[in-house]
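> Build me a model:
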Amino acid sequence: MIGFSAVVMWSALAVLTAASGAMPPFQLSAICFLIGSVIGLSAMMRDPTRFRAFKQPAKVWAFGLFGLFGYHFLYFTALRNAPAVEAGLIAYLWPLLIVVGSALLPGERLGWHHIAGALMGLAGTALILMRGAEGGFGGGNLLGYTAAGLCALTWSAYSLISRRFGATPTDVVAGFCLISAVLSAVCHLLLETTVWPDNSGQWLAVLGLGLGPVGLAFYAWDYGVKKGDIQVLGVASYAAPLLSTLILILFGHGRASIGIVVACLLITGGAFLAAKDLLKGNPSS
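Reported below is the predicted structural model:
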């Protein structure tokens, strides 16, 4: 349940990003990661011995920054340069990529349902790219769509490789967030023009991002995959693209259309098909 709460929070990532205004990606990342780090550091201050969790090899820190910093920079870039619904759906190909990728790990095999599910996900993505926001291929939003695709690859790779770091305590996530905030701030000062929210609603959206999808969700997911049933969490994550799309449309950041419905069904359905063995409780078949 703790791990699944991260999936629920991530479902609000797109709508909160869309509602946060025109703040550039690195600036938004810096603020959100800072809020996320304060959550973990505040909890650790009650027991200073927990700061020993920061004594980790360089590869652990590099891995955490690759996942958190890399994913969210690409995600914010995608939603700043493409329609929120379409970019969000492409970015949420990561559950499908995790299933297909895990089938290629030692001791596993790639079945027909993995291939069929992957093809369904690709078909949904192609439908989004072909319809575009302006009627042509990509609709003039190719940068946003490319960032969304890289976003899905980044988080799926991060999730698969994380199996090698199962003994790393969840407290280290606070350090990941803090360093990501510093890196984002430096990149912002060097590469971007500062843009602050125009109103209280946009400030609340930024705060909501830092507290939930770019804050508590990291700790919940890390704890869930290390302490809970990772197969159940994997299946639960396939609800993310559907929930995210419904929330975006509900809050007026996208329109329900036949193309979007079909794309959503293809991507979500492809993920469920690829996870057929998990749903049947027989992951080895």
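> was I right about residue 7 contacting residue 244?
No: with contacts counted by Cβ atoms under 8 Å, residue 7 stays clear of residue 244, the gap being 10.0 Å. Heads up, the C-betas are built off the backbone N, CA and C, glycines and all.
> of these two, who's got more company?
Shown here are residue 7 and residue 244; by other Cβ atoms under 10 Å, residue 244 has more neighbours (24 against 21).
> where's that one relative to residue 45, distance?
Plainly put, residue 244 is 34 Å away from residue 45 if you go by Cβ to Cβ, to the nearest Å.
> Then residue 186?
In this structure, residue 186 and residue 45 are 26 Å apart, going by Cβ to Cβ.
> again, but for residue 250
The spacing between residue 250 and residue 45, counted by Cβ to Cβ, is 38 Å.
> Kindly report the same for residue 260.
45 Å.
> Name the nearest residue to residue 24, ignoring sequence neighbours.
residue 192 (4.1 Å; Cβ to Cβ, 6 or more residues apart in numbering).
> for that neighbour, what are its contacts?
Shown here is residue 192, whose contacts under the criterion Cβ atoms under 8 Å, 6 or more residues apart in numbering are 24-27.
> neighbour-wise, which of these leads?
Comparing those by number of neighbours (other Cβ under 10 Å), residue 25 comes first, having 24 neighbours.
> That residue reaches residue 71, doesn't it?
No: with contact defined as Cβ under 8 Å, residue 25 does not reach residue 71; the gap is 11.7 Å.
> How confident was the prediction at the residue nearest to residue 24?
As summarised for this prediction, residue 192 has a pLDDT of 91.
> Phi, psi for it please.
For residue 192, the backbone dihedrals (degrees, to the nearest 10) come out as phi -120, psi 160.
> Residue 13 contacts residue 247, correct?
No: no contact is recorded between residue 13 and residue 247 when judged using Cβ under 8 Å, the distance being 9.5 Å.
> More neighbours: these two, which one.
With other Cβ under 10 Å as the criterion, residue 13 and residue 247 differ in neighbour count, and residue 13 comes out ahead with 25 against 18.
> Return the residues in contact with that one.
By Cβ under 8 Å, 6+ apart, the contact set of residue 13 is 75, 88, 209, 213-214, 244.
> any idea how far residue 4 is from residue 236?
Taking Cβ to Cβ, one finds residue 4 at 5 Å from residue 236.
> Over to residue 51?
32 Å.
> of the two, who's got more company?
Applying other Cβ under 10 Å to residue 51 and residue 236 shows that residue 236 carries more neighbours, namely 18 against 14.
> Residue 77: how many residues sit nearby?
When neighbours are counted by other Cβ under 10 Å, residue 77 registers 23.
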